[in-house]
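# Take this sequence and fold it.
(one chain, ligands or ions: 1)
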Amino acid sequence: MSIKRTTSESLFEKSKTYFPGGVNSPVRAFKSVDGAPLFIKKGNGCIITDEDENEFIDFCCSWGPLILGHNHPKVYEKVVTTLQNGSSFGAPTRLENELAELILERNPYIDKIRFVSSGTEAVMSALRLARGFTGKDKVIKFDGCYHGHSDSLLVNAGSGLVTLGESSSAGVPASFAQETLVLPLNDIEALKACVAEYKDQIACAIIEPIPANNGLLLQEKTFLLALREICTENGILLFFDEVISGFRVAFSGAAEHYGIKPDLVTYGKIIGGGLPVGAYGASSEIMARISPDGNVYQAGTLSGNPVAMAAGIAQLTECAKPGFYEDQAKRTLDFITPINAHVKAKGYDFEIVSIGSIFWLNFAGNKTIRKASQIDPDMTGFRHLHSALLKRGIYLGPSGYEVGFVSTAHTPEILEKASVIFCDALDEIYA
Ligand SMILES: Cc1ncc(COP(=O)(O)O)c(C=O)c1O
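Here you go, the predicted model:
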């Protein structure tokens, strides 16, 4: 029996008359899974309730920001108290200082930070900074990494080992895409060949150090170290896009996890406690190039918005507590280990891959996948599992390429229950 969706269905019919595809961000449209998108009414802890009053254990967590789960009391309280004093001033507030201090005191990789309102805006701005700082235009991007929807980065690999990019969206001028060099992940030789050819033209190499937008393509540390070294040797800025991994695998993200210092970093998602915040940071020397100190222009009406800062402060204060990340990683492993053991015993071609509290459902079996080209584009297995889980009360983001997230609200008891449900759902789809 599938879930009741009549209210969601009628809301979706209505929303299609207002928004392209009925949504304000494409992946929400449920295009690659069954049925109409669920319209969510409320969230509390790790449980979300849709407009038909179905309840689900939520592993999407708003695509990552909600590391404390929905409606965390400390975040709620700080947001409401702040809002009582007004929602926006377009002038500095002490809350911006407080969030910056909370981050910079614990983060040895950056000296200064600038708050913006989304991950896309952070990456777009930091890329301009990289170009302004180095005086070079080209950027290395890795196939399978997503960095938001700014023109320079909506680019796919062309054919060949070292390729000038091709726009992956209509509306991106070919001339912009050609400033982006697209390389396979985890491939030192391709990187060396590219740098040898374009060396003096490359401003930066941008990577998700934990690529988590196209499956979870965990990189070998040797590759990340080689990338660091090659960038340093050739005057190329190393740009870690930590919009997902920042404050997720460790307080200072993948840089801390791997012990590798990037030259530029971007954050998003968790940093805003569920409200729209992005940020970019670097050394004082690089950040001095940003306006009003320098000649790289970047601005924002709602940047550093006090209510959003308040949510970020409340959330990151929890994340900064001792043992926070160890506990997150442990509970996540306790959740997936029994599922992987079950799958192995049954001989299903499936594995859950994880790092910290990020996990991904790999339908290619227990093969290590480090490059976008290794992912099976047939997402039928995911589509079936998504439906089988929904009807058993588990909500995953509606795309097999996306990762799932565990929050502090996912208690050991809930995770144990979710583990059993996963095994049951997998038995159904592999039957
Ligand atoms: C690594 C990475 N960079 C940038 C972005 C864009 O962030 P936003 O959706 O907040 O614009 C995302 C979004 O998923 C992301 O995962």
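
# So K371 is in contact with G144, correct?
Yes. In this structure, K371 is within contact of G144 by Cβ atoms under 8 Å, at 6.5 Å. Backbone N, C-alpha and C define where each C-beta goes, glycine included.

# What about S169, how many residues nearby?
Each residue near S169 was counted by other Cβ atoms under 10 Å, and the total is 11.

# residue contacts, it?
Taking Cβ atoms under 8 Å, 6 or more residues apart in numbering as the criterion, S169 is in contact with 149, 154.

# List the residues that contact Y348.
Y348 sits in contact with 426, 430, where contact means Cβ under 8 Å, 6+ apart.

# three-state assignment of it?
Following DSSP: H, G, I helix; E, B strand; the rest coil, Y348 is assigned to coil.

# Could you report the separation of it from F223?
Noted for Y348: a distance of 30 Å to F223, by Cβ to Cβ, to the nearest Å.

# How about R289?
Taking Cβ to Cβ, one finds R289 at 29 Å from F223.

# L316 now?
Counting by Cβ to Cβ, the gap from L316 to F223 is 29 Å.

# Between the two, which is the more surrounded one?
Legend: neighbour count by other Cβ under 10 Å for L316 and F223, higher for L316 (21 against 16).

# ok, that one - contacts?
Counting by Cβ under 8 Å, 6+ apart, L316 has contacts 99, 102-103, 247, 251, 270-271, 273.

# Give me the number of neighbouring residues for P20.
P20, neighbours per other Cβ under 10 Å, totals 9.

# While we're on it, how confident is the model there?
Per-residue pLDDT puts P20 at 97.

# Ramachandran coordinates for it?
For P20, the backbone dihedrals are phi -60, psi 120 (criterion: degrees, to the nearest 10).

# which residues does it contact?
Neighbours of P20 in contact, by Cβ under 8 Å, 6+ apart: none.

# near the ligand, which residues of the protein show up?
When proximity is defined by Cβ under 6 Å from any ligand atom, the chain lies next to the ligand at 118-120, 123, 146-148, 208, 213, 241, 243-244, 268, 278.

# Give the closest residue to the closest residue to the ligand within the chain in space, chain neighbours not counted.
Relative to the ligand, the nearest point of the chain is G119 (2.2 Å; Cβ to the nearest ligand atom). Of all residues not flanking G119 in the chain, G268 sits nearest, at 3.0 Å (Cβ to Cβ, 6 or more residues apart in numbering).

# and that neighbour, how many neighbours?
28.

# mind listing what it touches?
118-119, 122, 243-244, 246, 277-279.

# OK, contacts around M287?
Residues in contact with M287 (Cβ under 8 Å, 6+ apart) are 111-114, 129, 281, 293.

# Return the distance of the residue nearest in space to the middle of the chain relative to K221.
Centroid-nearest residue in the chain, with Cα atoms, centre = their mean: I244, separated by 2.9 Å. Counting by Cβ to Cβ, the gap from I244 to K221 is 18 Å.

# Equivalent analysis for N340, please.
23 Å.

# So these two - more neighbours on which side?
Comparing N340 with K221 by other Cβ under 10 Å, the one with more neighbours is N340, at 17 against 13.

# tally of neighbours for the residue nearest to E208 when sequence neighbours are not counted?
Nearest-residue entry for E208: C145, 4.4 Å, with adjacent residues in sequence omitted and distances by Cβ to Cβ, 6+ apart. Per other Cβ under 10 Å, the neighbour tally for C145 reads 21.

# Now C145: which helix or strand?
Under DSSP states H and E, no helix or strand contains C145.

# Compare K371 and G144 and say which one has the larger neighbour count.
Neighbour totals were compared for K371 and G144, and G144 leads with 25 against 18 (other Cβ under 10 Å).

# contacting residues for that one?
185, 211, 213-215, 217, 371-373, 375.

# The residue nearest to the centre of the chain touches N213, doesn't it?
Yes. Under the criterion of Cβ under 8 Å, I244 makes contact with N213 at 7.3 Å.

# Give the residues shared as contacts by the two.
Common neighbours of I244 and N213, counting by Cβ under 8 Å, 6+ apart, are V403.

# what's the domain layout of this structure?
Using automatic domain parsing, the domain ranges for the chain come out as 6-71+322-430, 73-319.

# quick one: terminal-to-terminal distance for the shortest one?
Using Cα to Cα, to the nearest Å, the gap from the first to the last residue of domain 6-71+322-430 comes to 29 Å.

# Over to the last one?
Here the two ends of domain 73-319 are set 14 Å apart, with distance taken as Cα to Cα.

# likewise stretch 285-296?
13 Å.

# Could you pull up the residues touching A177?
Per Cβ under 8 Å, 6+ apart, neighbours of A177: 151-152, 154-155, 164-167.

# backbone phi and psi for it, please?
Per degrees, to the nearest 10, the backbone of A177 is at phi -60, psi -30.
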